[in-house]
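Colleague: only geometry, no sequence info:
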């Protein structure tokens with residue numbers, strides 16, 4: 001099989017980011033907006049499913065092609081994609097208190113004092129679990145997801161290196177079991193679900209269509225194509241409705257049941273878009289797909305730019321409690337985030353991404 005590029009995935013990345021972005025906007029003026037902005041963690045869950053698919057697909061593609069895959073090259077490619085911007089933003093976060101102090105700017109001291117060594121070692125998520133709160137420096141609070149991603153790369157890369165392709169389904173089932181058992185344990189001891197083990201099933205659900213695409217491509221795509229288009233759209237609409245309503249739906253053990261709903265739902269959604277002749281597709285030329293290219297920067301920079309925008313509106317005495325100011329503030333934070341992410345990608349990240357070609361298959 002030929003290595004595939006997946007239309008729609010960039011758009012999915014942007015939509016997942018936008019759900020997180022809405023959550024972090026300190027805007028509570030419109031009841032309807034407040035209703036829609038909740039549940040930003042759902043966007044993170046979608047990120048994990050997408051990552052599980054792409055990482056599994058790339059590894060299995062190489063392994064199916066050569067009988068093995070280069071673990072060293074895999075780790076180097078991940079490092080070149082994640083580390084440069086991660087550490088750049090971390091350095092900005094470290095210097096933020098000094099900048100605030102120098103310009104005598106107001107700030108909130110809510111949260112714990114960062115342990116920069118733990119931050120540099122991709123262990124911020126465990127600091128948050130121990131302290132049961134977020135750090136008091138922006139944007140460390142959102143960087144726990146990158147810690148989970150890094151831990152997943154290590155765990156999944158090593159697992160797929162040693163496991164035969166035919167045994168991947170067992171690994172997927174084991175991962176789903178581990179995640180559910182871990183969440184039950186954490187739930188009973190009031191521990192946050194922000195480590196790789198309590199999120200492992202999201203990655204595993206993403207791995208299911210990747211495994212089927214590499215090992216049983218024709219059977220898998222034929223099965224997806226045989227599902228009626230109206231049935232697919234009905235499923236997507238129901239999934240979107242649940243995503244929107246989820247923050248305002250309450251039932252017993254929801255926190256333990258919902259990950260399975262989202263994991264399965266996102267796995268099916270991805271599967272609908274995978275066949276090359278799928279009618280459920282978002283073109284690479286779509287604005288959502290174009291913005292999705294910069295998702296990594298959008299995700300890391302948005303807490304900083306949202307905070308700066310909030311302080312600017314406060315400085316000019318423009319309260320975001322009024323409808324017009326709330327809209328302008330949200331637009332300002334979004335536009336600044338997009339511009340910053342665009343510049344970051346083209347002036348900084350690309351220099352490292354080009355090096356990835358030296359470590360391809």
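Modeller: The structure has been received and is ready for your questions. Because the structure is a prediction, the values reported are computed rather than measured.
Colleague: neighbours of residue 271, just the number please.
Modeller: Burial of residue 271 is recorded as 22 neighbouring residues (other CB atoms under 10 Å). From N, CA and C alone the C-beta is placed, and that goes for glycine too.
Colleague: Which residues are in contact with it?
Modeller: 209, 220, 224 (CB atoms under 8 Å, 6 or more residues apart in numbering).
Colleague: Please report how far the last one lies from residue 277.
Modeller: For residue 224, the distance to residue 277 equals 10 Å [CB to CB, to the nearest Å].
Colleague: With residue 13 instead?
Modeller: From residue 13 to residue 277 the distance is 23 Å (CB to CB).
Colleague: Do a quick rundown of the helices in the stretch 151-300 of the chain.
Modeller: Secondary structure of the stretch 151-300 of the chain, counting by DSSP state H, counting those that start in this stretch: helices at 168-188, 200-215, 217-226, 229-245, 254-273, 287-292, 295-315.
Colleague: Determine which stretch of the ones you listed is the most buried.
Modeller: Mean neighbours per residue, mean count of other CB atoms under 10 Å, is largest over the helices of the stretch 151-300 of the chain for helix 200-215, with a mean of 25.
Colleague: on contacts alone, who are the packing partners of that one?
Modeller: For helix 200-215, the packing partners by 3 or more CB pairs under 8 Å, 6 or more residues apart in numbering; DSSP states H and E come out as helix 41-66, helix 144-162, helix 168-188, helix 217-226, helix 254-273.
Colleague: one more time with 7 Å
Modeller: For helix 200-215, the elements it packs on are helix 41-66, helix 168-188, helix 254-273, judged by 3 or more CB pairs under 7 Å, 6 or more residues apart in numbering; DSSP states H and E.
Colleague: okay, the ones you listed in CSV with mean pLDDT and distance to residue 137 next?
Modeller: Converted to CSV, those look like this (pLDDT from 0 to 100; distance: least, CB to CB, whole Å):
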stretch, mean pLDDT, distance to residue 137
helix 41-66, 95, 20
helix 168-188, 98, 25
helix 254-273, 97, 28
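Colleague: Same list (those helices) but as CSV, adding distance to residue 109.
Modeller: As requested, the helices and strands packed on helix 200-215 are exported to CSV (distance: least, CB to CB, whole Å):
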stretch, distance to residue 109
helix 41-66, 25
helix 168-188, 28
helix 254-273, 29
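Colleague: Much appreciated, bye for now.
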